Every structure is written in structure tokens, then in C-alpha cells.
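[1] Return atomic coordinates for the entry below.
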Amino acid sequence: MPLRMLLYRRARRLWRWLVPSVPAAQAQALRRALRQEVRSLALACEATGVLIWLMTLMVSLPGGGAHLSAELLCTAAAGLGMLLSLRPRPPWLLSLGGLMVTVSLAIAFRLNLEGSAAQAFWTLPLLMLFGMCLALCHVRLRDFLAGIGAVGLVFVDGALMRSVAPAQRPVLAFFAAGALTLCLLAHLALSRERRSGHVLQLRLAALAYEDVLTGLPNRRAFLERTQAALAAMPAGVFNVVLLDVDDFKRINERLGHEGGDRALRAVAQALRGASAPHLCARLGGEEFCIWIEDASASPADVAAACVSAVHHLRVDGLRLSVSAGVATVEPDVPLHRALALADEALYQAKARGKDTLAVAPPSGRMPLIPAAPERRTWRPWRALRRP
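    Prediction:
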């Protein structure tokens, strides 16, 4: 294998280890979670840096420093950067505000060090301190590199090099490069740990709200989504379509449980495509449900499209079909009542010969199936039992 290809593969493997990959559907949620985690930490670091600088400025004020006006201007710029960081949106304001605070404080400390006999002594600790704070406060590598590059340009300049003896300049450069390397490694390690933790949380959330077999939202996700929609629009009108695979017991008997799983996956894929963009969930077993929030969409048409999509499916030579029941969730019809009405309509569709749909009348006027009376038998020995 050529050396170039080997190095490329090693670098790619290292990058994948440092930056764990996530599915495209979860990338936005990951970025939002990372910003939310870093935001409070970044604000705390910025406030601490500004407070330390104000204390340093108060100490240097009696001496009337040579760069007092420039230091006060840097202080104002740092305050402006903190104000920008406080705004939650747009997200890039946090990066811009952090960069303003970092550069302003670096210039202020650098001006305060000028004329001091121990410039080189204080430069490396300050550079290390800025680098570690940037490693804590940034998630993206480019933001960290921009901040640490600006700090390095501010501190390690020609004036600093001239204040150091020529024999000690290589030692200073060596320690400065070592400090920057340690900060870079700290940033990469922290970023990887943050990403790994949030990726694990997203995967656990997906397991909690996603049906493992079909990939559709499960009952829990369906109920939370519907309750949120009802809470957001208490006077809104929604529709539910309840679907059930016909003769699923016969499918399991003929194809086995693995064949039944293949049938459920095929039905789920067909229902997802036919019901888009509405929410399609698997409630359990061979039962699916579609939640329609769009008032302009016809629930009967959505149900008919789903029935037709499954009608053309074949799994191991066996034709599949579903029956559907449609009900409306109105302000005077709660969700559990609408689901019961949709279930009643589903039974009516199955009674008509299956592979069809039935629509429940609006406002919940369709009666439910009465519960079967409990059969009681007379047992004369019950009266002889001691209470």
C-alpha cells in the first residue's frame, strides 16, 4: 500500500475517533445540545476573565499606566462581546462575542505587560490560561483555532522576542509551541467527550421513542406528539387513522415470526411513504396509527392511499392488506375517545371484508361497542364460606 494512502487512512481513522459521526437526522439536535452545554460555560469563563482584568486594571490605575486609554478601550470591547454572547440567537453571536472578549482581554493584558521586566515570565502562563479557557468554551475546531491563533499573535510578537536574550528565544518558542499543543489536545479530548455523551443520549432517546423493528415512532412518541399538538391548539380539529394488518395471525403461521417481521417492516415502509408528511407510528403488534394535523388534508384520502399502498405488497408470495378506521379529534372529543371511535370504525371495515376503510361520524356520535356482560353462575357453596 502506498505511504500516502496509508497516512490518509490513519488520519481519517483518527478524525473519526476524535469526532464521532451521527446520523443526518440527529446532526441538528446534536449541534443544538452542544451549543446549550457550552453556552453557560462560555459565559462563565468570559465573566471570570473580565472580572480578573478589572481587578488587574484597578491595581494598575494608581500608577497611571502608559496605555490606559487603550486598556479602557479593550475593556469596553470585552463588555460589548459579553453582551453579544448573552443573546441566544442567532447562534453565531456566541462565537463572535467570545472571540471579541478573548482578543480584547489578550490585548489588554499584553499592553499591561509592556515595560515590565518579566514579560516572558508572564506570557507563557497567560497563553496557557487563555488556551485552556478556549478549549473549554468551544466545540468546533475552527472556532478554537481562530481564538488561539489570535491570542498567539497578540502575545508572541516582536517586542516580546526582543525582550528575551537571543540564547533563550528557542527555549521560549519551544515552550510556547508546547503550550499551544497541549491546549489543542485538551480541546480535541473535551470535544470528543462532549460529542460522545450527546450522541449516546440521542441514541437512547431514539430507542425510547422509536420502534426497533420498523423504525417508526412508537406509542410513547405518538402520545407525546399528539398531547403536545392538543395543548398547543386546544380548539383545533385533528384526525386519526387507525390501521391494522389483516389476518396477521395467518401470516405468522405461514411465514413464521421472521416472515411476520418482514411483513411488518414492509407495511411500515409503505404506510410511511403513503402518509407523508403526517406522523405515522406503530402502536404495537400489527396496529399502526396516523396523526393528521393539517386541516386541509382529507383523512379519508390519506387512509385510502395507505390501504392502496399496502394492497400491492407481496412478502414471500403472500399478499398483504390493511383495514383502516378514521376518526376526528374535536374540542369536545378527547383523544382516547377518538381512538376508540377509530377502533370501532376499524372493526366495521374488517366486517365489510377487510382491505378497506370506514369513517366514524364527527362529534363522537357513533356509539361504542358495549362491553359484554359478565356471566355469573350460581355456586351454592359460596354462602357456606366463612367471611
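
[2] got a list of what Leu283 touches?
    218-219, 222, 289 (Cβ atoms under 8 Å, 6 or more residues apart in numbering). Quick note: C-beta positions are derived from backbone N, CA and C, even for glycine.

[3] what's next to the helix or strand hosting Thr123, contact-wise?
    Applying DSSP states H and E as the criterion places Thr123 in helix 119-137. If you take Cβ under 8 Å, 6+ apart as the criterion, helix 119-137 is touched by 38, 41-42, 45-46, 49, 98, 102, 105-106, 109, 113, 116, 144, 147-148, 151-152, 155-156, 159-160, 163-164, 168, 172, 175-176, 179-180, 182-184, 186-187, 190.

[4] what's the single longest helix in the protein?
    helix 169-209 (DSSP state H).

[5] Would you mind pulling up the elements that that one packs against?
    helix 3-18, helix 24-60, helix 119-137, helix 141-155, helix 158-162, helix 219-232 (3 or more Cβ pairs under 8 Å, 6 or more residues apart in numbering; DSSP states H and E).

[6] Kindly recompute the last result at 6 Å.
    helix 24-60, helix 119-137 (3 or more Cβ pairs under 6 Å, 6 or more residues apart in numbering; DSSP states H and E).

[7] what separates Leu43 from Pro88, distance-wise?
    11 Å (Cβ to Cβ, to the nearest Å).

[8] Between these two, which has more neighbouring residues?
    Comparing Leu43 with Pro88 by other Cβ atoms under 10 Å, the one with more neighbours is Leu43, at 18 against 11.

[9] which ones are touching that one?
    The contact partners of Leu43, by Cβ atoms under 6 Å, 6 or more residues apart in numbering, come to Ser85.

[10] Tell me the predicted confidence for it.
    pLDDT, Leu43: 86.

[11] The closest residue to Leu54 other than its chain neighbours: which element?
    Excluding the flanking residues, the one nearest Leu54 by Cβ to Cβ, 6 or more residues apart in numbering is Thr75, at 7.2 Å. Following DSSP H and E, one finds Thr75 within helix 68-86.

[12] That helix packs against which elements?
    Short answer (3+ Cβ pairs under 6 Å, 6+ apart): helix 68-86 packs on helix 24-60, helix 92-113.

[13] Minimum distance to Ala351: which of those helices has it?
    helix 24-60 (39.8 Å; Cβ to Cβ).

[14] do you know how far Thr56 is from Phe109?
    In terms of Cβ to Cβ, Thr56 sits 7 Å off from Phe109.

[15] more neighbours, the two?
    Neighbour count, other Cβ under 10 Å: between Thr56 and Phe109, Phe109 has more, with 24 against 15.

[16] For Cys133, see how far away the nearest residue to that one once chain neighbours are set aside is.
    Spatial nearest neighbour of Phe109, chain neighbours left out: Leu126 (5.7 Å); criterion: Cβ to Cβ, 6+ apart. Per Cβ to Cβ, Leu126 is found 11 Å from Cys133.

[17] Comparing those two, which residue is more hemmed in?
    Comparing Leu126 with Cys133 by other Cβ under 10 Å, the one with more neighbours is Cys133, at 24 against 18.

[18] Pull up the gap between that one and Glu71, please.
    Counting by Cβ to Cβ - Cys133 and Glu71 are separated by 20 Å.

[19] repeat for Ala228
    52 Å.

[20] Repeat that for Gly152.
    20 Å.

[21] Looking at these two, which is more packed in?
    Just comparing Gly152 and Glu71: by other Cβ under 10 Å the higher neighbour count belongs to Glu71, 22 against 19.

[22] list the contacts for that one?
    When the contact criterion is Cβ under 6 Å, 6+ apart, the partners of Glu71 are 108, 111.

[23] hmm, 10 Å instead?
    Listed by Cβ atoms under 10 Å, 6 or more residues apart in numbering, the contact partners of Glu71 are 53, 56-57, 60-61, 65, 104, 107-109, 111-112.

[24] can you pull the pLDDT of it?
    Reported pLDDT for Glu71: 84.
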